[in-house]
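**Q** give me coordinates for this.
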Amino acid sequence: DNDVIYGVQWIFNKAVALNKPCVVNLSLGGQLGPHDGSSPYEEALSNMVKPGRIIVAAAGNAGADYIHASFAASGTSYNDAPEVLWEMPQGTTFSGVDMWYPAANTMSVGIGVYGVSQGQLQYLANTAPVPAGQKIQNQQVVYQGNVLGTVTVDASSPASNNSRNVLFIVQGNNIPQFYWTVYAFGNGTLDAWVVTGGRFSPPITGLPQLIKFGDNDKSVGTPSTAKKIVCVGAYVSKNSWVDSNGTTQAQPSICGGNPPQVAELSCFSSHGPTRDGRTKPDFTAPGEAIVSALSSGYTNAPAAHVLQGGGLQKQQGTSQASPHVTGIVALMLQRNKFLTYENVVSLLSSTATAAGTVNLWGAGKVRALNAMLATPAGIDCQTQAKLTGIDCDGNRVLRYQLLNAYPNPFNPATTIGFRIGTQEKVDLAIYDILGRRIRMITNDILPEGLHNVVWDGVDDQGRQVSSGVYYTRLVTPSFSSSSKLLMVK
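**A** Residues are numbered from 1 along each chain as shown. Below is the predicted model of the structure:
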């Protein structure tokens with residue numbers, strides 16, 4: 001982490017000395033940390049971001065991995081505590097889990113272990129519960145005289161930024177033979193990530209209600225969850241190429257299942273939101289399959305991945321997507337060297353093509369030319385604030401927008417997005433072509449920011465509407481706008 005911080009600072013210092021704007025790409029990341037931008041690592045990077053100094057980072061490639069789990073602690077002992085199954089692949093000798101929960105809550109945590117007998121989980125052992133401020137270290141877990149593994153549960157770290165942290169470690173030559181668990185009793189909801197050597201188990205039917213499972217939510221890694229780093233996911237922009245032997249190759253599914261199709265989200269692209277509820281990634285860019293220069297020092301590239309002529313190589317990952325956005329931001333900074341982080345995110349988001357669920361796609365697919373054309377050139381900061389919603393010092397000014405619904409045309413449902421510049425009463429309703437209101441979608445006080453709601457194609461009486469043209473209308477005390485929808489059957 002320190003090396004990354006020092007490297008970014010060196011680049012920014014160099015840019016200042018040359019009186020140039022600068023954007024840094026971070027094609028790196030991991031799952032250790034609170035995933036809310038409050039770690040010293042992420043805060044240090046965010047504090048470096050100023051007008052004309054931007055950081056872009058890859059969201060991560062854990063979109064198909066069950067590395068995350070979240071559940072509410074309950075009960076008063078291990079016997080009535082929920083626990084999440086934690087498994088390791090063969091050959092693993094070390095696995096770790098990083099857990100975070102609100103400091104206002106009280107939890108005791110520990111590790112359990114199960115075997116499998118005749119297709120059923122068989123309880124073997126568990127550690128004593130560890131309350132906040134304490135730890136057990138390198139403790140052997142024994143069953144019938146046999147050491148199953150050596151474990152550490154470290155809850156000794158003091159509360160930081162209103163959160164508490166617990167680190168779980170399991171090590172040993174035989175640990176993949178068992179299902180390990182993380183259990184928690186007390187109160188409050190926890191989030192945990194497998195940071196190395198395994199995953200949480202996907203859902204398994206027929207197990208007791210206290211057994212919990214993993215998911216792939218909140219899998220965007222650090223430092224992409226920082227408060228002022230642009231986070232980029234990946235989509236498929238190419239799925240075939242001709243290799244150095246003249247053979248046409250097809251991109252396989254990196255996650256299993258059907259081969260990827262052009263324009264769809266890359267299955268590996270990590271999912272949001274952050275632990276504190278912010279939408280991530282911010283948007284997506286081409287990340288599969290990407291053809292770029294083959295390094296002369298890399299001699300182990302598979303022949304099928306090297307293109308005709310031998311100078312190019314096929315790769316994939318959000319680490320290939322974030323450089324696309326880094327390059328776009330560099331061009332935007334050439335046009336206006338005063339752009340802030342907020343300016344960049346606003347301009348790229350408002351010009352992106354909406355593509356689906358925001359915590360998978362963010363604002364959608366970036367459009368380089370549109371973002372460039374939307375970037376104000378050679379103007380003062382006051383005018384820039386009017387155009388982008390953010391001034392040159394990073395202060396937010398009121399900005400309202402009714403976004404294009406997706407999909408549109410639609411059947412049976414469509415997602416309607418909108419932004420409001422302050423907390424206020426919001427009415428969002430659907431009208432027919434005669435101006436009659438047929439469905440009230442939202443009639444409530446909402447916080448400032450981006451919101452997404454779904455219209456399921458029915459009216460206020462629960463009846464399915466017929467095919468045709470409809471209008472969505474957004475009304476607040478400060479703003480009103482409408483857009484057209486087309487229902488097709």
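**Q** in this structure residue 279 contacts residue 360, no?
**A** No: using C-beta atoms under 8 Å as the test, residue 279 is too far from residue 360 to be in contact (10.2 Å). Glycine gets a C-beta too; all of them are placed from N, C-alpha and C.
**Q** mind listing the shared neighbours of the two?
**A** Common contacts of residue 279 and residue 360 (C-beta atoms under 8 Å, 6 or more residues apart in numbering): residue 272.
**Q** pLDDT at residue 417, what is it?
**A** Residue 417 is assigned 88 on the pLDDT scale.
**Q** residues touching it, list them.
**A** Contacts for residue 417 (C-beta under 8 Å, 6+ apart) come out as 354, 358, 402, 403, 404, 405, 406, 450, 451, 452.
**Q** between these, which is nearest residue 83?
**A** Using C-beta to C-beta, residue 358 is the member of those that sits closest to residue 83, with 31.5 Å.
**Q** burial measure for the closest residue to that closest one other than its chain neighbours, as a count.
**A** Leaving aside its chain neighbours, residue 358 sits nearest to residue 279 (5.0 Å; criterion: C-beta to C-beta, 6 or more residues apart in numbering). Neighbour count of residue 279, defined by other C-beta atoms under 10 Å: 19.
**Q** ok, now how distant is residue 279 from residue 86?
**A** Computed as C-beta to C-beta, to the nearest Å, the residue 279 to residue 86 distance reads 28 Å.
**Q** and residue 140, how many residues sit next to it?
**A** By the criterion of other C-beta under 10 Å, residue 140 has 10 neighbours.
**Q** same question, the one 5 residues further on
**A** Burial measure for residue 145: 5 neighbouring residues, criterion other C-beta under 10 Å.
**Q** can you pull the pLDDT of it?
**A** pLDDT, residue 145: 93.
**Q** next up, phi/psi of it, please.
**A** Backbone torsions of residue 145, given as degrees, to the nearest 10, read phi 80, psi 0.
**Q** cool, and residue 225?
**A** Backbone torsions for residue 225, taken as degrees, to the nearest 10, come to phi -90, psi 0.
**Q** just the pLDDT for it.
**A** pLDDT at residue 225 comes out at 97.
**Q** measure it to residue 72 for me?
**A** On the measure of C-beta to C-beta, residue 225 and residue 72 end up 22 Å apart.
**Q** after the helix ranked longest in the chain, next one along is what?
**A** Secondary structure of the chain read by DSSP state H shows that its longest helix is helix 318-335. Sequence order places helix 341-351 as the next helix or strand after helix 318-335, per DSSP states H and E.
**Q** more neighbours: which of residue 225 and residue 72?
**A** Applying other C-beta under 10 Å to residue 225 and residue 72 shows that residue 225 carries more neighbours, namely 29 against 14.
**Q** pretty sure that one sits against residue 35.
**A** Yes: contact criterion C-beta under 8 Å: residue 225 and residue 35 qualify, at 4.9 Å.
**Q** what's the overlap in contacts for these two?
**A** Contacts common to residue 225 and residue 35, judged by C-beta under 8 Å, 6+ apart, are 274, 275.
**Q** the helices in the stretch 151-300 of the chain, which residues?
**A** Secondary structure of the stretch 151-300 of the chain (DSSP state H, counting those that start in this stretch): no helices located.
**Q** I should have written the stretch 301-450 of the chain there, sorry.
**A** In the stretch 301-450 of the chain, the helices defined using DSSP H, counting those that start in this stretch lie at 318-335, 341-351, 358-361, 368-374, 381-388.
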